[in-house]
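Trainee: model this:
(one chain, ligands or ions: 1)
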Amino acid sequence: MLVAGNWKMFKGPQETVSFLESFEAPAGVEIVVCPPFTSLAAAVGRGLAVYAQNVHWAAEGAFTGEISAPMLLELGVDGAIVGHSERRQLFGETDETVRLRCEAALDAGLRVIACVGETETEREAGETDAVLRRQVAAIPRHDALVIAYEPVWAIGTGKTATPELAQEAHETIKELHDTRVLYGGSVKPDNAAALMTQPAVDGALVGGASLDPDSFAEICRAAVS
Ligand code: PEP
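Mentor: Presented below is the predicted three-dimensional model:
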């Protein structure tokens with residue numbers, strides 16, 4: 001099981017250090033934290049795997065505001081999230097840029113959590129399967145890559161996919177891509193066990209509930225049991 005905490009644009013270096021000092025990591029589960037870029041250096045070397053929340057496909061160049069895989073590796077960062085729905089919805093991320101970012105990160109030696117998931121409108125229109133197929137087709141096959149299924153309607157909304165619905169979507173993804181699949185979307189301490197006991201759910205990508213060390217530790221413990 002792998003549990004990753006996506007801190008989004010929360011926690012500067014000081015808060016990052018306080019979190020990691022009080023977080024009690026259970027044994028028996030792979031744990032990843034994904035702080036914002038400016039807190040990565042503070043998080044590295046404190047016993048947990050550290051991923052960035054995005055990575056550019058070029059090693060260097062005229063790409064204002066972007067960060068490359070070699071730059072992340074130089075800091076000691078282990079991996080990166082790619083294609084989070086907030087990047088797709090707010091910052092123009094496409095399947096093609098997701099593919100480019102994944103390939104560059106993997107080639108450079110980073111691990112990747114590549115995100116897919118349908119919007120509420122797409123689900124209501126019966127397009128979930130087609131959307132997942134299109135998004136998964138753009139994701140490279142690689143041992144260092146896992147996919148996170150994050151239905152957009154469940155992210156930060158408190159609406160969680162039922163364990164059965166998550167299981168069904170994960171089965172679809174696994175038919176298309178032989179990889180571990182994490183579930184993401186309002187995972188909390190009280191629903192984590194029910195989601196992670198589904199056979200096709202290999203862990204969780206956690207947003208809001210990963211910001212508090214106790215609630216994140218409780219979710220990590222649910223992955224162990
Ligand atoms: C996320 O940001 O990847 C996420 C799943 O957020 P939340 O857990 O807050 O829904």
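Trainee: find me the pLDDT at Thr179, would you?
Mentor: Thr179 carries a pLDDT value of 97.
Trainee: run a quick neighbour tally on it.
Mentor: For Thr179, the count of nearby residues is 18 (other Cβ atoms under 10 Å). Backbone N, C-alpha and C define where each C-beta goes, glycine included.
Trainee: ok, whichever residue of the chain sits closest to the ligand - how many residues close by?
Mentor: Scanning the chain for the residue nearest the ligand gives Gly207, at 2.1 Å (criterion: Cβ to the nearest ligand atom). Other residues lying near Gly207 total 22 when counted by other Cβ under 10 Å.
Trainee: and for the one 10 residues further on?
Mentor: A count of nearby residues for Ala217, using other Cβ under 10 Å, gives 19.
Trainee: that one in helix, strand or coil?
Mentor: The three-state assignment at Ala217 reads helix, by DSSP: H, G, I helix; E, B strand; the rest coil.
Trainee: isn't Tyr149 up against Val187?
Mentor: No. If you go by Cβ atoms under 8 Å, Tyr149 and Val187 don't touch, sitting 11.6 Å apart.
Trainee: and Leu182, that's in a helix?
Mentor: No. Membership of Leu182 in a helix is not supported by three-state DSSP, which gives strand.
Trainee: test of understanding: give the bridge partners of it.
Mentor: Ala148 (DSSP bridges).
Trainee: how close does the residue at the greatest distance from the centre of the chain sit to His56?
Mentor: For the chain, the largest distance from the centre (Cα atoms, centre = their mean) belongs to Ala62, which lies 27.0 Å off. Using Cβ to Cβ, to the nearest Å, Ala62 is found at 11 Å from His56.
Trainee: how about Glu15?
Mentor: 26 Å.
Trainee: of these two, which one has the most company?
Mentor: Of the pair Glu15 and His56, His56 is the one with more neighbours under other Cβ under 10 Å, namely 21 against 15.
Trainee: tell me the secondary structure of the closest residue to Ala204 other than its chain neighbours, please.
Mentor: Nearest in space to Ala204, with sequence neighbours left out and distances taken as Cβ to Cβ, 6 or more residues apart in numbering, is Val187 at 4.7 Å. For Val187, the assignment made with three-state DSSP gives coil.
Trainee: Val187 touches Ala209, doesn't it?
Mentor: Yes. The pair Val187 / Ala209 is scored as a contact, 6.2 Å apart, by Cβ under 8 Å.
Trainee: of these two, who's got more company?
Mentor: Taking neighbours as other Cβ under 10 Å, Val187 and Ala209 compare with Val187 leading, 29 against 20.
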